[in-house]
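J.: Based on what follows, work out the 3D shape:
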Amino acid sequence: MAETGLTVNIQATALSAMLETAGTPRNLVAYRGALTPQQFDVPGAEIAALAYGTAIHDLGWLRRVEVRGADRFRWLSGMVTNTVNDLLPNSGAWNLVLNAQGRIQGDLTVWRDGEEQSPQRRMPDHDAAKKSDPMLGTPFAGESGLELEIEAGQLEKLMTHLNQFIIMDDVELVPLGEESVCGAGAETAIGVTGAQTAEVLERLGLPFFAHTMKSGRFEWNGLDLTVERGYGARAQHFIFWVPCAGLAKFWSCIRTAGATPVGCASLEAFRVAEGIPAYGIDIAERDLPQETAQLRALNFNKGCYLGQEIVERIRSRGSVHRHLRHLELDGPVPAPGTELKLADGSPAGALTSAAELPLEKGRRVFALAMVRAEAEAKEETLHYSAAEGEGTARIQASPSVL
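T.: Numbering: from 1, shown residues only. This is a model prediction of the structure:
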């Protein structure tokens, strides 16, 4: 099971503890810096829920860090690769964190909260006519908060990295608490993923965002929830931050509405099938941003940030010598690090992760790999060897239909 190995203290998630208390414990494995259920049902049923239906699953390895202080927008914009200042209220952006040499130190998501209305706009509803008066200024005070969403396996490393660059800035990074079922006010993250997610959420009166990277805070059945729609290439991905005290209620309601519980083994396989890289698995500290081919994490118009000089130099020269690519394989599932070759035996790259999806129409095998630019330019079928035999691979220009 994929584990970054970037943290020492690996703890069970709140969901794992809840299942134990309820008398339905599951086999736990280390994943993204936490202990989480590996499997709930047979792999075919879990993959089907992710690909065609709706799955509910643990995201308890996610951590939230509030960025406080008057300089928070300016400072954070100088520390990450994507936009911060131009984020709209209740929206987010995936970011890479670089060092001065442009090498990737980790990844995180920046979320901007909704803004409070300015004092001129805080008036009773019967004064709606006054609210429309343009002379009263803009509707928002601009005091929205900023939060970072970081995997537990990267938290310690990224906090150390970021804190060393807070020098004369009015900025403070405040972790929003270690996950704990018994802790007052503690929260945990639960994922709802799949092609039919909208239908499940609608049955329960839960919010559905039509676009990715949107968020909001809502009250539902007495629970204060933060809802986020993350990025997905094949399915709708929702993240619910749920009070631990209400976790059992939330989990039960989502299941009753039609979602299938899914463990991290299937979640990991589906990640590979979507072609979404994971830091510490597909993206390494030695990598440069353009080598990952993840342009959704880069903004070239935002101004200066740590490592930007290297990113801009690569952009001006127009190339790197390798790229992270999404592949579909015909053959056995190879181990990470398996070498890819061209038909003539010359090296073409190396696989970073691979997974088999047991689908109704037959098995499919997907992978992520660092592919050499000269090999990719030849547009040839790639070859590999696994313990079970030989196989071939082709780069996917876009996600194929499952």
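J.: Helices of the stretch 151-300 of the chain, start to end?
T.: For the stretch 151-300 of the chain, the helices defined by DSSP state H, counting those that start in this stretch cover 152-163, 197-204, 247-256, 264-274.
J.: Could you list the low-pLDDT ranges of the stretch 51-200 of the chain?
T.: 116-142, 177-184 (pLDDT under 70).
J.: show me where it has strands.
T.: Applying DSSP state E, counting those that start in this stretch to the stretch 51-200 of the chain gives strands spanning 55-58, 62-68, 91-98, 104-112, 146-151, 172-175, 187-194.
J.: What of the stretch 201-350 of the chain?
T.: Using DSSP E, counting those that start in this stretch, strands in the stretch 201-350 of the chain cover 214-220, 223-230, 236-243, 260-262, 322-330, 339-341, 347-359.
J.: Could you give the bridge partners of the closest residue in space to residue 88 that isn't next to it in sequence?
T.: Nearest residue to residue 88 in three dimensions, chain neighbours excluded: residue 112, at 7.1 Å (Cβ to Cβ, 6 or more residues apart in numbering). To be clear about C-beta, it is placed using only N, CA and C from the backbone, and glycine gets the same treatment. Residues in a beta bridge with residue 112, per DSSP bridges, are residue 91, residue 146.
J.: Test my guess that residue 112 contacts residue 143.
T.: No. Taking contacts as Cβ atoms under 8 Å, residue 112 lies outside contact range of residue 143: 11.2 Å.
J.: who's more crowded, the two?
T.: Per other Cβ atoms under 10 Å, whichever of residue 112 and residue 143 has more neighbours is residue 112, with 22 against 9.
J.: show me what contacts the more buried one?
T.: Residues in contact with residue 112 (Cβ atoms under 8 Å, 6 or more residues apart in numbering) are 84, 87, 88, 89, 90, 91, 92, 144, 145, 146.
J.: Number of residues surrounding residue 317?
T.: Counted with other Cβ under 10 Å, residue 317 comes out at 9.
J.: Contacts only, for it.
T.: Contacts of residue 317 (Cβ under 8 Å, 6+ apart): none.
J.: if we go to 10 Å?
T.: residue 290 (Cβ atoms under 10 Å, 6 or more residues apart in numbering).
J.: Residue 70 now?
T.: Contacts of residue 70 (Cβ under 10 Å, 6+ apart): 169, 170, 171.
J.: Can you read off the backbone torsions of the first one?
T.: What it means is residue 169. The phi/psi pair for residue 169 (degrees, to the nearest 10) reads phi -90, psi 150.
J.: Which residues in stretch 206-222 does the neighbour count mark as buried?
T.: 206, 207, 209, 212, 213, 214, 215, 216, 220 (16 or more other Cβ atoms under 10 Å).
J.: Give me the nearest residue to residue 330, chain neighbours excluded.
T.: residue 392 (5.0 Å).
J.: residues near that neighbour, how many?
T.: Counted with other Cβ under 10 Å, residue 392 comes out at 16.
J.: can you pull the contacts of it?
T.: Counted by Cβ under 10 Å, 6+ apart, residue 392 has contacts 327, 328, 329, 330, 331, 340, 343, 380, 381, 382, 383, 384.
J.: Surely it is within a helix?
T.: No. Under DSSP: H, G, I helix; E, B strand; the rest coil, residue 392 sits outside any helix and is assigned strand.
J.: Top of the contacts of residue 70 by number of neighbours, please.
T.: residue 171 (22 neighbours).
J.: Show the backbone phi and psi for residue 16.
T.: According to degrees, to the nearest 10, residue 16 has phi -60, psi -40.
J.: re the thing from before, identify the bridge partners of the residue nearest to residue 330.
T.: residue 330, residue 383.
J.: what about the helices in the stretch 1-150 of the chain?
T.: Using DSSP H, counting those that start in this stretch, helices in the stretch 1-150 of the chain cover 14-21, 43-51, 72-77, 128-131.
J.: Relative to residue 50, which of the strands of the stretch 201-350 of the chain is closest?
T.: strand 260-262 (6.2 Å; Cβ to Cβ).
J.: what's in contact with the closest one?
T.: For strand 260-262, the surrounding residues in contact (Cβ under 10 Å, 6+ apart) are 15, 19, 24, 26, 37, 39-41, 43, 45-50, 53-58, 191, 193-194, 251, 254-255, 266, 270.
J.: before we move on, the earlier item: which of the helices of the stretch 151-300 of the chain sits most buried?
T.: helix 264-274 (a mean of 24; mean count of other Cβ atoms under 10 Å).
J.: Which neighbouring elements make contact with that helix?
T.: strand 28-31, strand 34-37, helix 43-51, strand 55-58, strand 187-194, strand 322-330, strand 347-359, strand 362-372 (3 or more Cβ pairs under 10 Å, 6 or more residues apart in numbering; DSSP states H and E).
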